[in-house]
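[1] Quick one: sequence and predicted model below, then my questions.
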Amino acid sequence: MARKNRKGRTEFNEHFAKMLRSTMEEPAWRALSTAAQSLYPWIKLEWHGPSSNNNGKIRFSVRQAAQAVGCDPGTARRAFCDLQAKGFLHVTKVSSLGSEGEARGNEYEITELALPGAIEGRKLYRSWRPGRDFPVQRAKANNPKGKGGFGNSETRPQDADQSRASELQNAGWPDRNSQMNTPNIDNVATAERRHPYLPEGCGERAASGCVRATSAAVGAEC
């Protein structure tokens, strides 16, 4: 009877990822960063095999990758991008974080392996050439369709900038693109009069106005 390890597997039933020499001799593989080459077998370990093929729905987070490879999250994130750019990975579903905080990581296709129902993998890395990287799909902004999310067509960064610029112009401040524009003094004075911490009636040039009012009151008492 074969001996089992501490995980309950026999030596013939050990969890492994097969690395083909032909794949590692591809120009795309040699162009990968060391971190990307180290990460690739860990991603292949997430494949359940041909009988329970989950290729196209493989998930492996940046945090898991950093812990597995022994690097910082930034290096792990760049390794994922490098594997996409060279054609070893393809994102089938982009990660997102909903308004209720339920996180969903990227779902990947390992192009070396066949998708469910296919005979063999697409092997996109074979068509990679220097200077002709494949598109890299990055994670979307958190809650992209929610309030303030950039995925919402009604709220985009440029729209927010324009809205802020309009507010400043209405208050009398110059446009950022103009060089010789000055604030509207009337609007600024009106804003001063509405300030909650200024005495009533001390509008234009609050300090000088209050001094004149105080001097007049002292003169009346004398």
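    Nice, I can see it. Note that this is a predicted model, so its numbers are computed, not measured.
[2] Sketch out the low-pLDDT regions of this protein for me.
    1-12, 97-103, 139-222 (pLDDT under 70).
[3] all strands for the protein, in order.
    89-93, 96-97, 103-104, 107-110 (DSSP state E).
[4] Burial-wise, tell me which of those comes out on top.
    Mean neighbour count (mean count of other Cβ atoms under 10 Å) peaks for strand 107-110 among those, with a mean of 21. Where you see a C-beta, it was placed from the backbone N, CA and C, and this is true even at glycine.
[5] between the strands of the chain, which one is nearest to residue 80?
    strand 89-93 (7.0 Å; Cβ to Cβ).
[6] domains of this structure?
    21-127, 172-211 (automatic domain parsing).
[7] hang on, the earlier thing: I'd like the strands of the chain as a markdown table, with distance to residue 35 appended.
    Below are those laid out as a markdown table (distance: least, Cβ to Cβ, whole Å):
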| stretch | distance to residue 35 |
| --- | --- |
| strand 89-93 | 14 |
| strand 96-97 | 25 |
| strand 103-104 | 23 |
| strand 107-110 | 16 |
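[8] looking at the ones you listed, which is closest to residue 74?
    strand 89-93 (17.9 Å).
[9] List of residues touching the closest one?
    43, 56-57, 80, 83-84, 104, 106-111, 122, 124, 134, 137 (Cβ atoms under 8 Å, 6 or more residues apart in numbering).
[10] Among those, name the buried ones.
    43, 56, 80, 83-84, 106-111, 122, 124, 134, 137 (16 or more other Cβ atoms under 10 Å).
[11] Pick out whichever of those residues sits closest to residue 32.
    residue 83 (7.0 Å).
[12] That closest one against residue 29, yeah?
    No. Residue 83 lies out of contact with residue 29 (Cβ atoms under 8 Å); the separation is 10.1 Å.
[13] still on that earlier bit, from the buried ones among the contacts of strand 89-93, which ones fall inside helices?
    Counted as lying in helices by DSSP state H, out of these, are 43, 80, 83-84.
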